[in-house]
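**Q** Everything below, folded, please.
(chains A and B)
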Protein chains: 2
Amino acid sequence: MNRIRPAARDDRAFVETGDTLAVRTNADGLFPVTTQCADTGHVLMQAWMNLDALSATLETGEAHYYSRSRQELWHKGATSGQVQTVVEARIDCDQDSLLLIVKQAGDGCCHVGHARCFYRTLPVGASVPEDGSVKLSHSE
Amino acid sequence: MNRIRPAARDDRAFVETGDTLAVRTNADGLFPVTTQCADTGHVLMQAWMNLDALSATLETGEAHYYSRSRQELWHKGATSGQVQTVVEARIDCDQDSLLLIVKQAGDGCCHVGHARCFYRTLPVGASVPEDGSVKLSHSE
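**A** Numbers count the residues shown, from 1 in each chain, chains lettered A, B, ... in the order given. Reported below is the predicted structural model:
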């Protein structure tokens, strides 16, 4: 398998309107990835990739991330069965964030047991309490 | 306006299944935010917040981010008119990533002039070329 190599990012037009991938990575070589379900449109999860994870994702068509806790390449679903088959991969304007649109295998993507990781909502349009705390509501 | 204060994160069950916000921020006090259009379901953009930006977002009901380039609170649309009215705000399982579902004002969210920032696709299911480059396709 070939590895995606970093590309120069000094030309802003090249990055924003060009047709060559030139991902910006952080100090750890990582960039954020948002994963959306092709069937429901729900945003399932947000994780991280390095260039090796992106290479594996594009070549195999299955989502691979970089696990920051385990510090290793993470083939999503390899042990849980929650494989994500990539329908579309999209990069944003300044090429520092990736979007995957996937077919999610199994009951969902979340290790806590929910279909999506974003199973709690925050109150919108209300004052933050004096003590600076915010109450969450569970909502599938 | 009251400010959201950091909450203890030492109890994993509290973070993952509780009903109290306990956001994990990075070394710069930031966390990633994915913003989705309530009308089209498209993921519009990915940006960053600190706790002050989140406080302002929840209290006003309009998306506020933290601009890493300008190093300041960023009320999205304040100059461009591309205001985002928040319909839902969701936090993920380990509380280190936020999802906003918004009504997008104007022609879109992207400073390059597209409706969404993710206007280019990557090839999926093909080998990465020997030279490690990846070609993008423009696709609204």
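**Q** Show me what the residue sitting nearest the centre point of chain A bridges to in the sheet.
**A** The residue lying closest to the centre of chain A (CA atoms, centre = their mean) is residue A:33, at 2.3 Å. For residue A:33, the beta-bridge partners are residue A:47, residue A:98 (DSSP bridges).
**Q** For the lengthiest helix in chain A, list every residue counted as buried.
**A** For chain A, the longest helix by residue count, based on DSSP state H, is helix A:51-60. Within helix A:51-60, the residues scored as buried using 16 or more other CB atoms under 10 Å in any protein chain shown are A:51, A:53-59. Backbone N, C-alpha and C define where each C-beta goes, glycine included.
**Q** got the contact list for the residue nearest to the centre of chain A?
**A** A:46-49, A:65, A:97-100 (CB atoms under 8 Å, 6 or more residues apart in numbering or on different chains).
**Q** Local confidence estimate at it?
**A** What the model reports as pLDDT for residue A:33 is 98.
**Q** returning to that earlier point: quick check: the two most widely separated of the buried residues of helix A:51-60?
**A** Spatial extent of the buried residues of helix A:51-60 (CB to CB) is set by the pair A:51 and A:59 at 12.3 Å.
**Q** circling back: relative to residue A:100, how far out is the residue nearest to the centre of chain A?
**A** Distance from residue A:33 to residue A:100, counting by CB to CB, to the nearest Å: 6 Å.
**Q** wait, isn't residue A:133 in contact with residue B:22?
**A** No. Using CB atoms under 8 Å, residue A:133 makes no contact with residue B:22, being 9.4 Å away.
**Q** the more surrounded of these two?
**A** residue B:22 (21 against 14; other CB atoms under 10 Å in any protein chain shown).
**Q** name the element the more buried one belongs to?
**A** For residue B:22, there is no host helix or strand (DSSP states H and E).
**Q** Which residue ranges of chain A form strands?
**A** Listed in chain order, the strands of chain A (DSSP state E) span A:31-37, A:43-49, A:64-67, A:72-75, A:84-91, A:98-104, A:120-122, A:137-138.
**Q** which residues touch residue A:32?
**A** Contact analysis of residue A:32 by CB under 8 Å, 6+ apart lists A:46-48, A:96-98, B:32, B:46, B:97.
**Q** let's see 7 Å
**A** Counting by CB atoms under 7 Å, 6 or more residues apart in numbering or on different chains, residue A:32 makes contact with A:46, A:48, A:97, B:32, B:46.
**Q** contact partners of the longest helix of chain A?
**A** Applying CB under 7 Å, 6+ apart, the external contacts of helix A:51-60 come out as A:1-4, A:6, A:23, A:63-66, A:73, A:86, A:89, B:122-124, B:127-128.
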